[in-house]
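Student: got a sequence here, can you model it:
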Amino acid sequence: MSSTGNYLLDQLPRAEADRLLPSLEAISLPHGYEIHRQDSPASHVYFPTSGMCSLVIRMEDGKVAEAATVGNEGMVGVQAILASDSSPATATSQVPGKALRVPLRNFLEAMTPGGSLDRLVRRYVAYNLRYANQTIGCNILHPTEERICRWLLMTHDRAGTDEFSLTHEFLAEMLGVRRQTVTVIAGTLQAAGLIQYRRGIVRILDREGLEAASCECYGVLRDLYGRIMG
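Tutor: Presented below is the predicted three-dimensional model:
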């Protein structure tokens, strides 16, 4: 397969890639596009090639909290290989981009036991389990400012551009904090010259400074992905 822009797909040998190719459909993911809904059947697996998708858990009172973010390093619909026909979280496109999607049935048919796609996706599942555990620890133990820096770095990686849309309301939802808290911290980061923020648009000005201000979790997860996924 020629380069698709998605790291998982681009690692597949030609033979296995050819089995998926006829089923892949290129689509656009505008801001706010709902990919999967929590506890609802999932009809497709998505491989982002640009932009960023957010996975959130919705509680009975309507409040939501961050579960994960996914860009072109991964896939949305990993529950498919765990024999689950429903999504454990709501997945939406937060930073607009594009993706390749494949019907769930075709994806499962292409996953020959012990084949490259099977091994690759299982490694990605292993990474996601650690990602989830790290995020739980981060949300409990680390200060909100460090967590915001981590989130901005991960969004920056996936957006592929220094400037992207991000509202205070959304970031507050992701991190489970008050909007006013995000506003104060965003002002502090802007005053320090790390970011520029205006009308829902964030621009990263000092990437190294933002990494220094982040908690350890950004580096831990980045290095872990490299070790597990290669």
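Student: H142 and C215 touch, don't they?
Tutor: Yes: counting by CB atoms under 8 Å, H142 does reach C215; the two are 4.2 Å apart. (Glycine included, C-beta is placed from N, CA and C.)
Student: okay, and the common contacts of the two?
Tutor: R150 (CB atoms under 8 Å, 6 or more residues apart in numbering).
Student: what does stretch 99-116 rub up against?
Tutor: So stretch 99-116 is contacted by 4, 6, 9, 11-13, 16, 19-20, 23-27, 29, 42-49, 51, 76-77, 80-81, 85, 117-118, 121 (CB under 8 Å, 6+ apart).
Student: what about it, average pLDDT?
Tutor: For stretch 99-116, mean pLDDT rounds to 92.
Student: tell me which helix or strand L153 sits in.
Tutor: Assigned by DSSP states H and E, L153 belongs to helix 144-159.
Student: so how far is that helix off the chain centroid?
Tutor: Taking CA atoms, centre = their mean, to the nearest Å, one finds helix 144-159 lying 11 Å from the centre of the chain it belongs to.
Student: repeat for stretch 19-38
Tutor: 14 Å.
Student: before we move on, back to that, inside helices: which ones of the contacts of stretch 99-116?
Tutor: Of the positions in the contacts of stretch 99-116, 9, 16, 19-20, 117-118, 121 sit in helices, assigned by DSSP state H.
Student: and those residues, which are buried?
Tutor: By neighbour count, with 16 or more other CB atoms under 10 Å, those hold 9, 16, 19-20, 117, 121 as buried.
Student: contact partners of stretch 122-129?
Tutor: Contacts of stretch 122-129 (CB under 8 Å, 6+ apart): 8, 68, 74-75, 78, 81-82, 224-225, 228-229.
Student: from the ones in helices among the contacts of stretch 99-116, which is closest to D206?
Tutor: Using CB to CB, L9 comes nearest to D206 of the ones in helices among the contacts of stretch 99-116, at 33.1 Å.
Student: kind regards, and thank you for your time.
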